[in-house]
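> Sharing a sequence plus its predicted fold:
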Amino acid sequence: MISLLEGKVLSRGISSVLIGLKGGIGVTVNIPQSYLVEKKELFLVGSEIVLHTHLKIKDDEPVVFGFLTLEERDLFLRLISITGVGVKTALSLLGNLGVEGLLKSLREGDIIRLKSVSGVGEKTAKRILLELKGELVKTPPIIPIEVEEALINMGFKKIEIMRAWQSISEKLSVLKLDSEELIKALLRVLKR
C-alpha cells in the first residue's frame, strides 16, 4: 500500500498533480480541487511536496489519492466506507468543507451545509451524519506552522517532522505546550 509520497510537483491538472519521485518515477495523485486554489503555493511546479496517500484499485487500474494531513486522509477513508459516498463525493466534501468544517457540520447535525457540496443529497447527508457524528468529532492536533518551519530551517525534512509529530502528538498533551517546548520535544524524537 502506498501511504506517503514525497517528491517534486511536475505538473498540475484540474484536481490532480503529477509527482516526480526519486528514480524517475512519476505518480498522478488525485487531490481535493480546493488545494490548487487555497494552497496553490504548495503545488507550484518544481515544489517539493509530501502527501499522505491512499491507493484504490478502480476498474483494474490503480488510482492514488493524496492529502496534506493524516487527518484529511483518514477522514477521506472513513467517508468512502459509507454506502453511497464515492471518492468524488468524499474529495468534494473535504475540498469544500475541510476537516474542521466537516467536523463542525457533524457536531451540529448541519444537513444543509453537507447538502451544499456537489454530489451530496438529503439521503447521503443523513447517512454521513448517522455514521460519523459520534465517531469523528475529535481530531488530533495539527502541527503549528511556526514549529514546522523552525525545524525545516534546522535542516529536517518535512517527512521526518511529520513522523516525529505523529509520535509525540499521540503521547503528549501537545495542546498545552508552547512552540519552544514542542520544538524541544520534536528534536528529542528527531535526534534518536
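Ah, there it is.
> which regions of this protein sit below the pLDDT cut-off?
Under the criterion pLDDT under 70, the flagged ranges of the chain are 1, 134-141, 170-177, 192.
> Ala164 reaches Val189, doesn't it?
Yes - counting by Cβ atoms under 8 Å, Ala164 touches Val189, with 4.1 Å between them. Placement of C-beta: from N, CA and C, glycine included.
> neighbour count winner among these two?
Just comparing Ala164 and Val189: by other Cβ atoms under 10 Å the higher neighbour count belongs to Ala164, 21 against 16.
> next structured bit after the host helix or strand of that one?
Counting by DSSP states H and E, the element that carries Ala164 is helix 158-171. Counting by DSSP H and E, the element after helix 158-171 in chain order, helix or strand, is helix 179-190.
> what's the angle from that following helix to helix 158-171?
Taking axes from the mean of the first three to the mean of the last three Cα atoms, to 10 degrees, helix 179-190 and helix 158-171 form an angle of 110 degrees between their directions.
> So which other helices or strands are in contact with helix 179-190?
If contacts are counted by 3 or more Cβ pairs under 8 Å, 6 or more residues apart in numbering; DSSP states H and E, helix 179-190 sits against helix 145-153, helix 158-171.
> Which strands and helices lie in contact with the last one?
Okay, so that is helix 158-171. Judged by 3+ Cβ pairs under 8 Å, 6+ apart, the packing partners of helix 158-171 are strand 4-12, strand 48-58, helix 145-153, helix 179-190.
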